[in-house]
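Undergrad: just coords:
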């Protein structure tokens, strides 16, 4: 699959954008006109730079408001087009995107449109240019890709074809199956963009909220499957207008973009395999049927299943005393130090926490790394690296387990570990040589981990965990806090064995203390007992206001004794149709705190109604 | 008018919110339940604190999902309500907001709803509580204020009335005139919120994009006029869910909120005066008719007309040499120093620029102040101060002109100056004693000033200039730049004599250089001549890329000689149905640059199509 990206997706100057695209490994780019017009580079400079960088110049865009106009305007439009065709010749480019008319069309007549497009195609032919005509979702008269293609067929000129853009098609909920009926020689270009499903006017949605494939909710693999079945073999190019990407680091965004295409390519192949025989081509069956039947080569990736569980969580600090005390109070046992590194292992049942003492001096305690149990660490690592995840190197001795590590968008280190049927981990033997290990009787596991995401990398993180670790994004929630709304995105496995919560914390004011923290939650079978034990060990609980329990009682009509227990132990409570949820939080050290939870019945949430209480109490303790 | 605000409008803890409301001068507050539930303050603490702060506790809210439910759920809802009524008694509160059911209603029958609301009213009566029933815009069955009022009438119980919320009414485009038909004794509460007109689902619009009155596009004065005509005399309280306000400084947001109500009160009185005799009350005429006929007292403000023009602009710097050179090259003449202060006066025609040398050491050049010509500086200052604008004090000698100054939300100092029919300013005689003033022959004025706004104070700035200076906000635009989209809001007078452009610059990345600047634009009669003269004096123009001129030619088909002149002098060009616009920019010093413009015909814009070019070239020069 030939990969491409429009320069408008990225921040910076045209030169910076082109360099970033080359670094990220794109085959070609679309030149967005404004990027050229505002650039000090001449068309010849751009052509040479693209050649030097190994980037194809695949599409010049956009040419607006051409068709369905009065004769006077047509003349001016043809003059304008010719100027652009000449410019393209200097750039060495041969394809231009012409969007259906939004502003200046006054004649709603396919005959007139076809006649005018025919004139444009003729002029384009004189200059060796191919015109890719696209229906904008908000086109005045033409807003449907099938309509645009009918016009292309009517004109029937070798220099006129169509451009298919997933946003313009899927935002309008047009059926994508008829794409297969399009003559592949008439598909001059394919653009892809994902988007969250929003209920707003389609122009604003398009201009601000597009995201890269895998970061939104469109069925892009299906869209691409139909495109491949149609027989298209040209570039598949990202055109994503996004306010955040336009502000973010250009090289990093380009890599995120490339990752999305690599993932989409795999997903498209998978869709074709899963849907062999359902298309209009009458293919019988077979997982790789598309490879035989369709000319577009779709690369695949090393396969990964969703992780079976958390292998460990790692926190780091310069001074680890507070972390050690908290874990001990929660019921964790100290399993000793590593035989060669300055790290400690603490366990409670199958929940393993590593305390890393190698942090920079004066570093506050923070979450540093997570380990996930996967079928094959090597295959998972290979996949992640093909998805352009940065590799994390850890020094190991010859006889120690090698951890395959990658860096998540928020810099948390992700280790891909060999799971075991009984939930143990072989590497723990590297700790506490000579120590007697008094295994905790508690049946405890890491229930979920909550990570704060920088606003620039939130969408990138969703794609990262989706593509590299096969976690499924859930619908996002917004939680009120005293310093603003916290956007909260759950990523989890189907069986709930791995649950990550990505939180986008509010932008901080200049002098405000850091008001957003991260945490690790442990699940136990009997939270009340665990809380009592922790209290007896002197745990510093997050104090829950009395008002909360009155409201809880008003909402749930709890048994008085149970309510008293909750109140006594600073426990929070939630209930839904599937079950019940009890939990408590510890005080925060540095930017880390811990949670203990008990899930009763089939409760699969996170106590979201209680999150505002936590945020408020944490804020209050920081501002007191 | 009794002023109020819901605690949910503000950031921080309940205690911080209440203190900020008292400082801003509100009469009362609405307690948003979550703020109480998450607070360590007991209900008795809150009651005492409110009394100490002089704040009424006017409304407890929200009570959700009560009506149209099954008998079982009704029983649970009544139990839940009674718990809240008891809580209110501890708070010393007597009014609760009950929203129309969104989630749990299953019975769409007014008889059933009325019967259930009657039970609630009876229970409320037992506890001395008044229930204000409100139709949410997205209520499952009840989403229209007239429907909610019909239910109140059906129940006909002294403890059941309605709550009117401008957002829920105006977002649905309900006709507001029938408000006048509501029995005022049945209007238990009135909430106001403004909003930009957005095309999106009403729930998201409501939860994220509400703004304070005067910051959006709703016809709130008309809404309030109908409320006053109905005979309502209770609190008028802000309920504004806004992502930015929730993150911003609590005291500052509370003052912005209070300003919006003071302004709305005046606008409502004005609407009543302008529309006397049009109501259903049959009143004849007369500007202050409402004062005689309706019990609500509406305070007015000192009147201000829109300013007649810019009196001056002031830039400041530690080292002023670069500013002096730029102004001199543009054609400004040095008019001397002030006789007692370290400031210089430079003029070109009627454009006056003060260079203030009193900046902090190492301060980069920046825009410090603007002077506006008003009918009466004292009245305008009194108005601004009643609108809670901070006063700026300037030292003056006994025989010098006293400038009435206020501070804009972005800290620009705004001076209210006595205009003169011939455009001169008396205070200029305080400069250059003994110097001969060679008045420039140029007919030049300050055309517009472009100020960068911090994101936290953008809406506040719109209200500030609207309310204190009678500038009119225009529809906002978004301009692409290499570091993101720049939101651009024009505020101007009807005659265009004063034009301010408020730009919300993209959030900066950690280490990026400052990529957004502010500028002052001067209008002249002959821009080509002015540019040639400036070039002869060695002006450092912002260099416009050659690609721009090729695109310009493609778009406008300009005469070759004219195009060559534009290119030669780095001039930008725009044209619309009303006229033409020529302009050029200088290089930037510190965070300031200058623009010179020529308006031909009735062109009233700012060359918006050229703004991306400016942003790109400025970005490029900073990143080179």
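TA: Yes, it's here. Note that this is a predicted model, so its numbers are computed, not measured. Numbering: from 1, shown residues only, chains lettered A, B, ... in the order given.

Undergrad: C-alpha from now on. contacts and neighbour counts both.
TA: Will do.

Undergrad: burial count for residue A:89?
TA: 15 (other CA atoms under 10 Å in any protein chain shown).

Undergrad: also residue A:235?
TA: By other CA under 10 Å, 20 other residues sit near residue A:235.

Undergrad: identify the bridge partners of it.
TA: Applying DSSP bridges to residue A:235 gives these bridge partners: residue A:2.

Undergrad: for it, give me the pLDDT.
TA: The model reports residue A:235 with a pLDDT of 98.

Undergrad: so it is in contact with residue A:26, correct?
TA: No - in this structure residue A:235 lies outside contact range of residue A:26 using CA atoms under 8 Å: 10.4 Å.

Undergrad: counting neighbours, what do you get for the closest residue to residue A:9 other than its chain neighbours?
TA: Setting aside the residues directly before and after it, residue A:9 is nearest to residue A:240 in space (CA to CA, 6 or more residues apart in numbering or on different chains), at 5.1 Å. Here the number of neighbours of residue A:240 (other CA under 10 Å) works out to 29.

Undergrad: do you know how far residue A:240 is from chain B?
TA: Taking CA to the nearest CA, to the nearest Å as the criterion, residue A:240 is separated from chain B by 13 Å.

Undergrad: can you tell me how far that residue is from residue A:187?
TA: When distance is defined by CA to CA, to the nearest Å, residue A:240 is 20 Å away from residue A:187.

Undergrad: residue A:230 now?
TA: 9 Å.

Undergrad: one more: residue A:605?
TA: 46 Å.

Undergrad: next: residue A:323.
TA: In terms of CA to CA, residue A:323 sits 60 Å off from residue A:187.

Undergrad: swap in residue A:212?
TA: Going from residue A:212 to residue A:187 by CA to CA gives 22 Å.

Undergrad: neighbour count: those two, which is higher?
TA: residue A:212 (28 against 24).

Undergrad: so the more buried one sits against residue A:240, correct?
TA: Yes - here residue A:212 reaches residue A:240: they are 6.6 Å apart, a contact under CA under 8 Å.

Undergrad: any common contacting residues for those two?
TA: A:193, A:194 (CA atoms under 8 Å, 6 or more residues apart in numbering or on different chains).

Undergrad: get me the contact residues on the stretch 1-150 of chain A for chain B.
TA: A:11-13, A:34, A:36-42, A:79-81, A:83-84 (CA under 8 Å from any CA of the partner chain).

Undergrad: narrow those residues to those in strands?
TA: Using DSSP state E, no member of these falls within strands.

Undergrad: which one of those is nearest to residue B:112?
TA: Closest approach to residue B:112 among the residues of the stretch 1-150 of chain A next to chain B (CA to CA): residue A:11, at 57.8 Å.

Undergrad: and the nearest residue to the closest one once chain neighbours are set aside, how many residues sit next to it?
TA: Of all residues not flanking residue A:11 in the chain, residue A:246 sits nearest, at 4.5 Å (CA to CA, 6+ apart). By the criterion of other CA under 10 Å, residue A:246 has 25 neighbours.

Undergrad: next, residue A:246: phi, psi?
TA: Backbone torsions for residue A:246, taken as degrees, to the nearest 10, come to phi -70, psi -20.

Undergrad: what residues does the stretch 451-600 of chain A have near chain B?
TA: So far as CA under 8 Å from any CA goes, the stretch 451-600 of chain A lies against chain B at A:482-485, A:506-509, A:544-548, A:551, A:554-555.

Undergrad: now those: which count as buried?
TA: Among those, the ones that count as buried by 16 or more other CA atoms under 10 Å in any protein chain shown are A:482-485, A:506-507, A:544-548, A:551, A:554.

Undergrad: what is the most widely separated pair among those residues?
TA: Going by CA to CA, the pair spanning these furthest: A:507 and A:554, at 34.2 Å.

Undergrad: now the element after the lowest-mean-pLDDT helix or strand in chain A, going C-ward?
TA: None of the helices or strands of chain A scores lower by mean pLDDT, DSSP states H and E than helix A:289-293, at a mean of 52. Next along the chain after helix A:289-293, taking DSSP states H and E as the criterion, comes strand A:309-316.

Undergrad: which secondary structure elements does that following strand sit against?
TA: Under the contact definition 3 or more CA pairs under 8 Å, 6 or more residues apart in numbering or on different chains; DSSP states H and E, strand A:309-316 sits against strand A:351-356, strand A:366-374.

Undergrad: wait, which of the ones you listed is closest to chain B?
TA: strand A:366-374 (20.8 Å; CA to the nearest CA).

Undergrad: indicate the residue of chain A located nearest to chain B.
TA: For chain A, CA to the nearest CA, closest residue to chain B: residue A:200, 3.7 Å.

Undergrad: which non-adjacent residue is nearest that residue?
TA: residue B:200 (3.7 Å).

Undergrad: contacts for the longest helix along chain A?
TA: Using DSSP state H, we find that the single longest helix of chain A is helix A:250-274. The contact list for helix A:250-274, computed with CA under 8 Å, 6+ apart, reads A:1, A:3, A:5, A:10-12, A:16-17, A:20-21, A:23-26, A:212-214, A:220-222, A:224-225, A:238, A:245, A:286-290, A:298-301, A:387-388, A:460, A:463, A:467.
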